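**Student:** The sequence and its predicted three-dimensional model are supplied below.
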Amino acid sequence: MSRQWSEHLLLWTLRGLAMVAGCIILLIGAFLAVESVPALREVGLGRFFSDTSWHPSGGVEAGSFNFAPMAAGTLAVTSGAVLLATPLGIGSALFCHFYAPRGLGVAFRRLVELLAGIPSVVYGIWGLVVLIPLIRQWQPPGQSLLAGILVLTIMILPTVALLTESSLRAVPRSYLQGAAALGLSRWATVWGVVLPAARSGIVTAVLLATGRAIGETMAVLMVMGNIVQVPTSVFDPVRALTANIALEMGYAMDAHRSALFVSGLMLLAMVVVLVAMSVWASERSRYA
Amino acid sequence: MNDKSVSIDRRPWTKRPACCESRDPCIEVRDLSVSYGGKLALRDVTLAIPLGCITAVVGPSGCGKSTFVGTLNRMTDLVDGCRVEGRVELGGHDILNGRTDLIGLRRRVGMIFQNPNPFPLSIRRSLTLPLRRHGVRNRRILDGKVEGILRRVGLWDEVKDRLDHPALDLSGGQQQRLCLARALVLEPQVLLLDEPCSALDPIAGGVVEDLILSLRGRYTVVIVTHNLAQARRVADDVAVFWVRAGAGAMIEHGPVESVFDAPRSEWTAAYVQGVHG
Amino acid sequence: MPDPSVSPLPSLSEHRVDWPDRAVASLVWLVALLVTGSLLWIVGDLARHGAPELSWSFLTDSPRDAGRAGGILPVVVSTLMILGICLAVSLPMDVGTAIFLAEFTRTGGLLAHFVRRSLDVLAGVPSIVFGLFGNAFFSIYLGMGFSILSGGLTLACMVLPILIRSTEEGFRSVPDEYRKAAAALGLSQPATLWQILLPVATPGLVVGLILGVGRALAETAALLFTSGYVARMPSSVLDSGRTLSIHIYDLAMNVPGGESNAYTTALVLITLLLMINVLTFWIADRWLHRGITHR
Ligand SMILES: Nc1ncnc2c1ncn2[C@@H]1O[C@H](COP(=O)(O)OP(=O)(O)OP(=O)(O)O)[C@@H](O)[C@H]1O
Ligand SMILES: [Mg+2]
């Protein structure tokens, strides 16, 4: 009797804990939504993209709430970083597995893992003190989209490299044997057999890295100059959505504060879409 | 085991070709020893594999059959800690020599494995990939070759409507024939088959076996098999391997009739008997 | 039989150079050098700028002159307090959820599916969004204000998916024979869990724990508006307190002339993370492999 009771208690405790863990994301979504309501109702979604500028502290009437330059900044820095980090990350993974002498490959993997563990503020301070002066010598002012892209590339490269590496490792040995027996060269094996076999893993890697790039705050905040404008060249300073929140949350009031939550909600939505896509990609490969 | 052929009932098209009677060697193996991480797996194998003939390699598990076959196209290079000594001559060239062009070697010496291992590509691309990599670019020629080789292995009618479907959707027997097609499409001189039928059901295995028989004369074939009846049906020559003093060795080699009906070694006699009885 | 369309059989002795492979190999080596170079550059720069100021008193002094001078003792204390709260809350949740996912959902089930998916999404949520949520929920709605408590709870939400993934892996690596043997002995389910499965699954839990601590230590954006900036020694968990990473950010961005101490703090942080990293490998190698060979 008491035994059954204790098993019941256990099961329901565990269910409860799991339920709470599962509900955190809903709670986050809910609080972001609730805090966004004033801005969405009073300012309206349209004005976030049609207003003339971003001067939100004036309040609902006097202020203007155009997110577009910052959305453009996020888009530009993310796509730049993903475009650079994808080939570099895949190259790193190929190096580990096919091109490096054995011991070196393992050592290189460790090194990439170290790179993955460096906090974003450290990348930020490196960008601030080392990278920006270098860019400034070339094209002032230095704080720029380019600096953001470069720092972000180094930050998301380990995500691409490590996830790609693990999907390369999962390619069955028999494929490699078959390719060798056909006299395929190393590159022909990689291009013709290994990369197609690992494709869904690589897609997942890139998607997750994209999510990481969209959400990154500190490094882009520290190196991109944070001027609200649509960039016309990579040397322009820009402000990303995340950096905007970090900069203004401290003093934002009322509609302004609420508008920041709207941008947070937008970030959350983008990440949900990316995660859903990567789940879909890996699930599809499982049944293929 | 199916005993539809205890006697040697060679089908008409499988007549021994003239070249086989002349017994010109295609591959000459001399004092071949292989060790894995210092442990000897194969000791002092010497034999000549005649051109255009089918040579079967038989013997109990672990006696080094796969190891032997793997040295003939240097698949052993893929194994860490594997050391190969001796000479293996193909067309007068010692392929164990460090300067051998491995890619060229493996194009001349194709290989089929026990478990069918088609690539995760479409049927068409499984065949065009090796062709493209070896210099065929023209689409028309590629298509022609794909059709030709699929007809050759009897797959064309089964797959002609789904050439762009994944090769992994095929049945085991079809996959194995596709692997055979993949190897044959490069027109190798030698084909190595490591237990090509043992993962297949008897009917699919029979289809593959007939295919192997049809290769006689055009290719030099080395087939590893555990099925002595099969060896008897397909082979011209048989090499019997055995574990002696902790390492594999070849204990008998000769034409199929003499090995099966008048074995010189008592082990061979017992082995052949055991499977017969 | 010779076919003009396939390149003629090559002579075996001539070694043809495979140009595409050569080209790709050089590219790949170049990438590896670039990546290695970047890491060395970053770490070298950190060591060069940070090491001169590093001393024992840097760890035991309070910051002076907005952090330009003095040490980081209160920052270290706040960091540890935030970390402590984060783990105190997330660990029980972690173990409970992981046991539920690994042991009670063999056949699937709606709740398990829901929990898995939401954790997947939670793992991808940007840290600034955690910051917004923590500010709205813990600091304002629950009235904790800018405090170590609010920061720790926000971090707990953030590291939870990492912990659970690894702990669940740990439970899944327990061989089924153990469960069968325990059932055959007539052990109750709670007893089986606590006395047999949990000890075997501990390495997974520890690895997750270490990864989570690493992530929490590195975090900045989620704490800006939850635990706040105050650099004084905290007297309770309801005080505001800044972590090492916020200290670095503040010195680098808001305090002219603060770079030098920012670098030194970064060096401390990196050293801490490196030690954690090495510890993970050590545990994973030693412990997990032993588990596998025992099976
Ligand atoms: N990769 C390897 N590493 C170490 N030892 C190996 C390896 N491959 C084979 N061996 C050893 O070499 C010997 C011969 O193995 P091989 O696979 O050639 O036997 P086989 O005759 O093909 O057996 P089977 O009929 O079971 O396929 C065995 O003792 C085996 O343990
Ligand atoms: Mg074998």
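**Tutor:** Sure, I can see it. Ligands and ions are numbered 1, 2, ... in the order given.
**Student:** Give me the residue ranges of chain A where confidence is low.
**Tutor:** A:1-2, A:285-288 (pLDDT under 70).
**Student:** Could I get the full set of strands for chain A?
**Tutor:** A:54-55, A:64-65 (DSSP state E).
**Student:** Give the pairing partners of the last one; include direction for each.
**Tutor:** Okay, so that is strand A:64-65. strand A:54-55 (antiparallel) (DSSP bridges).
**Student:** Can you give the distance of the strand it pairs with from its chain's centre?
**Tutor:** 26 Å (Cα atoms, centre = their mean, to the nearest Å).
**Student:** Name the residues that touch that strand?
**Tutor:** Residues from elsewhere that reach strand A:54-55 (Cβ atoms under 8 Å, 6 or more residues apart in numbering or on different chains): A:63-67, A:69-70, A:228, A:244. For glycine as for every other residue, the C-beta is placed from the backbone atoms N, C-alpha and C.
**Student:** hmm, back to that, please identify the most buried of the strands of chain A.
**Tutor:** strand A:64-65 (a mean of 20; mean count of other Cβ atoms under 10 Å in any protein chain shown).
**Student:** Just to check, B:Cys82 is in contact with B:Tyr36?
**Tutor:** Yes: B:Cys82 lies in contact with B:Tyr36 (Cβ atoms under 8 Å); the separation is 5.5 Å.
**Student:** Now for B:Asp80: which residues touch it?
**Tutor:** So B:Asp80 contacts B:Gly37 (Cβ under 8 Å, 6+ apart).
**Student:** Quick check: pLDDT value at it.
**Tutor:** For B:Asp80, the pLDDT comes out at 86.
**Student:** Return the distance of the closest residue to chain B within the stretch 101-250 of chain C relative to A:Thr86.
**Tutor:** Residue of the stretch 101-250 of chain C nearest chain B, by Cβ to the nearest Cβ: C:Asp120 (25.5 Å). Distance of C:Asp120 to A:Thr86, computed by Cβ to Cβ, to the nearest Å: 22 Å.
**Student:** Between these two, point out the one with more neighbours.
**Tutor:** A:Thr86 (20 against 17; other Cβ atoms under 10 Å in any protein chain shown).
**Student:** what distance separates stretch C:86-102 from the centre of its chain?
**Tutor:** 16 Å.
**Student:** my bad, should have said stretch A:112-122
**Tutor:** For stretch A:112-122, the distance to the chain centre is 14 Å (Cα atoms, centre = their mean).
**Student:** buried set for that stretch?
**Tutor:** Buried residues in stretch A:112-122, counted by 16 or more other Cβ atoms under 10 Å in any protein chain shown: A:112, A:114-122.
**Student:** Show me the shaky parts of chain C.
**Tutor:** Ranges of chain C meeting pLDDT under 70: C:1-16, C:106-108, C:284-285, C:287-295.
**Student:** domain ranges for it?
**Tutor:** C:14-53, C:56-294 (automatic domain parsing).
**Student:** Tell me the buried residues in the shortest one?
**Tutor:** Translated: domain C:14-53. C:18, C:21, C:24-25, C:28, C:31-32, C:35-36, C:38-39, C:42-43, C:45-46, C:49-50.
**Student:** And the residue of the stretch 101-250 of chain C closest to chain B, how far from A:Trp280?
**Tutor:** 11 Å.
**Student:** Find the nearest non-adjacent residue to B:Ile49, please.
**Tutor:** B:Ile27 (4.2 Å; Cβ to Cβ, 6 or more residues apart in numbering or on different chains).
**Student:** Near the one you found, how many other residues are there?
**Tutor:** Using other Cβ under 10 Å: B:Ile27 sits among 21 other residues.
**Student:** Name whatever forms a beta bridge with it.
**Tutor:** What pairs with B:Ile27, by the bridge criterion (DSSP bridges), is B:Ile49, B:Leu90.
**Student:** Give me the pLDDT value at it.
**Tutor:** 91.
**Student:** tell me the secondary structure for B:Val57?
**Tutor:** strand (DSSP: H, G, I helix; E, B strand; the rest coil).
**Student:** Across the sheet, point out what pairs with it.
**Tutor:** B:Val224, B:Ala239.
**Student:** That one and B:Phe241 touch, don't they?
**Tutor:** Yes: using Cβ under 8 Å, B:Val57 is in contact with B:Phe241, at 6.4 Å.
**Student:** what residues do these two have in common as contacts?
**Tutor:** B:65, B:68.
**Student:** Around C:Cys157, count how many other residues there are.
**Tutor:** With other Cβ under 10 Å as criterion, C:Cys157 counts 25.
**Student:** where's it, which helix or strand?
**Tutor:** Assigned by DSSP states H and E, C:Cys157 belongs to helix C:148-172.
**Student:** In contact with the residue nearest in space to the middle of chain A: list those residues for me.
**Tutor:** Nearest residue to the geometric centre of chain A (Cα atoms, centre = their mean): A:Arg212, 1.6 Å. Residues in contact with A:Arg212 (Cβ under 8 Å, 6+ apart) are A:155-156, A:159, C:124.
**Student:** how near is the nearest residue to A:Gly63 once chain neighbours are set aside to ligand 1?
**Tutor:** Nearest non-adjacent residue to A:Gly63, counting by Cβ to Cβ, 6+ apart: A:Pro56, 4.7 Å away. As judged by Cβ to the nearest ligand atom, to the nearest Å, A:Pro56 and ligand 1 stand 67 Å apart.
**Student:** Verify the stated contact: A:Pro56 with A:Phe261.
**Tutor:** No: counting by Cβ under 8 Å, A:Pro56 does not reach A:Phe261; the two are 11.9 Å apart.
**Student:** Surely C:Met93 forms part of a helix?
**Tutor:** Yes: according to three-state DSSP, the state of C:Met93 is that of a helix.
**Student:** burial of it, as a residue count?
**Tutor:** Going by other Cβ under 10 Å, the residues that sit close to C:Met93 add up to 19.
**Student:** Send over stretch A:183-194 as PDB, restricted to the C-alpha atoms.
**Tutor:** What follows is stretch A:183-194, C-alpha atoms only, in PDB (Å, rounded to 0.1, in the frame of the first residue of the first chain):
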ATOM      1  CA  GLY A 183      39.700   4.400 -56.700                       C
ATOM      2  CA  LEU A 184      38.100   7.600 -55.700                       C
ATOM      3  CA  SER A 185      40.600  10.200 -54.500                       C
ATOM      4  CA  ARG A 186      40.300  11.800 -51.100                       C
ATOM      5  CA  TRP A 187      38.500  14.800 -52.400                       C
ATOM      6  CA  ALA A 188      36.200  12.800 -54.600                       C
ATOM      7  CA  THR A 189      35.300  10.700 -51.600                       C
ATOM      8  CA  VAL A 190      34.600  13.700 -49.500                       C
ATOM      9  CA  TRP A 191      32.700  15.600 -52.200                       C
ATOM     10  CA  GLY A 192      30.800  12.700 -53.700                       C
ATOM     11  CA  VAL A 193      30.100  10.500 -50.700                       C
ATOM     12  CA  VAL A 194      30.900  12.000 -47.300                       C
END
